[in-house]
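Student: Pasting a predicted model and its sequence here:
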Amino acid sequence: MTKTDIKSLNLDELGAFIQAFGKEKFRAKQIVRWIYQRGVTSFAAMTDLSKDLRESLETRAFISDWEPEVTEQSVDGTKKYLFRLSDGQTVESVRIPMEGTRTTLCISTQVGCAMQCAFCLTGTFGLVRNLETAEIVNQVCAVAKDGPINNIVLMGMGEPLHNLDNVVRALQILYLDEGFGFGTRKVTLSTCGLIPEMLEMARRIPVNLAVSLNATTDAVRDQLMPVNRRYPLKELMTACRHYPLKPHQRITFEYILIRGINDTLADARRLVKLLHGIKAKVNLIPFNEHGESAFRAPTPEAIETFQTCLLDSNIVAIRRTSKGQDISAACGQLKGKLERAQKKLPAPTPGGEERESGSAA
């Protein structure tokens with residue numbers, strides 16, 4: 001008999017699972033509390049369940065439990081985790097200290113990525129496979145062993161909306177009051193702009209939306225983000241205008257500033273026009289130079305001019321600074337470093353692609 005990983009089931013699925021062998025559906029909430037609030041990995045330890053139920057669960061299910069294979073910690077407190085999956089693949093997560101004692105966790109949704117964004121190291125691996133629901137949830141479970149997590153951003157390896165079903169189920173689990181109890185305002189999902197999946201997600205589950213924009217013309221965005229050839233800027237911005245938002249919500253637009261590519265005052269002015277009619281805020285992220293890319297970081301003057309133009313147009317514009325620059329904190333760096341070591345390839349110069357793992361929240 002193939003056993004079911006309990007962490008792959010949302011609350012309704014878990015209830016149906018235990019009902020199938022004659023147990024009360026409400027026991028599912030007790031099981032969830034044991035796993036996500038108390039960190040229990042053995043059914044035998046769930047002492048408020050009957051012995052018969054515990055034995056039935058032991059026969060039919062298991063509770064997966066992750067430990068990182070490699071960790072790196074920065075002087076600024078950022079911590080990078082690399083996890084080895086059951087099929088030998090690897091995936092990364094990043095724990096990011098924010099203001100005060102708050103912590104944001106950046107998690108991955110795929111092994112590799114199919115989107116092939118020009119500035120992104122993860123895209124160079126290609127898409128290997130989607131992460132299963134339990135593999136998304138287990139990143140949170142594993143990192144929570146190092147302390148509380150206040151916010152989650154799905155901005156790590158992969159395009160979350162390319163793995164929509166598993167992402168939705170993982171969010172349903174993370175939102176459970178009996179489990180981690182993350183409020184919907186505490187979770188942000190970043191997409192390169194898969195329009196049908198973006199609107200489908202809005203119908204299925206609430207989550208803060210971040211759109212990786214990075215250009216103000218189709219010609220430049222085609223170069224940086226091949227997805228734009230399928231969903232050009234006009235269609236993407238129309239979808240954003242119609243995206244259902246609660247009164248307090250805004251769509252976050254992530255904009256990686258690259259010298260001579262998308263960092264001019266003309267770009268800033270076009271961005272203001274693109275965002276007209278959208279409840280928006282903009283995260284400005286200076287490109288972090290590294291040896292595997294010909295792109296260069298913008299000058300401080302260009303950043304200042306770009307941000308000032310947005311602010312003068314009453315657009316919330318926040319400059320994000322990369323964290324963990326002394327470690328492999330950007331998406332795919334630690335994975336790439338280990339793969340190079342295994343193949344005995346030379347390391348690139350320091351730095352990293354700017355997906356949002358060092359700048360999110």
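Tutor: That came through, no problem. Computed from a prediction, not measured in an experiment: that's the story for all the values here.
Student: contacting residues around the residue positioned nearest the centre of the chain?
Tutor: Most central in the chain under Cα atoms, centre = their mean is L154, positioned 1.6 Å from the mean C-alpha point. Neighbouring residues of L154 by Cβ atoms under 8 Å, 6 or more residues apart in numbering: 106-107, 109, 160, 167, 187-190. Using the backbone N, CA and C atoms, a C-beta is placed for each residue, glycine as well.
Student: can we see that at 10 Å?
Tutor: Residues counted as contacts of L154 (Cβ atoms under 10 Å, 6 or more residues apart in numbering) are 105-109, 136, 160-161, 163, 167, 170-171, 187-191, 207-208, 210, 356, 360.
Student: and these, which of them are in strands?
Tutor: Cross-referencing the contacts of L154 against strands under DSSP state E gives 105-106, 187-191, 208, 210.
Student: Ranking by neighbours, what's the top pick from the residues you listed?
Tutor: Sorting the ones in strands among the contacts of L154 by how many neighbours each has (other Cβ atoms under 10 Å) puts C106 first, at 31 neighbours.
Student: sorry, back to before: report the beta-bridge partner residues of the residue nearest to the centre of the chain.
Tutor: Bridge pairing for L154 (DSSP bridges) gives the partners L189.
Student: Look up how far T188 lies from it.
Tutor: Between L154 and T188 the computed distance is 7 Å (Cβ to Cβ, to the nearest Å).
Student: do the same with P148
Tutor: P148 sits 18 Å away from T188, going by Cβ to Cβ.
Student: Same check on Q37?
Tutor: As judged by Cβ to Cβ, Q37 and T188 stand 23 Å apart.
Student: next one: R169
Tutor: Look at R169 and T188: by Cβ to Cβ, they are 18 Å apart.
Student: cool, V272 as well?
Tutor: Distance, V272 to T188, using Cβ to Cβ: 23 Å.
Student: Repeat that for C117.
Tutor: In terms of Cβ to Cβ, C117 sits 18 Å off from T188.
Student: quick one, strands of the stretch 1-150 of the chain?
Tutor: 4-5, 61-62, 70-73, 79-84, 90-97, 103-106, 110-112, 127-130 (DSSP state E, counting those that start in this stretch).
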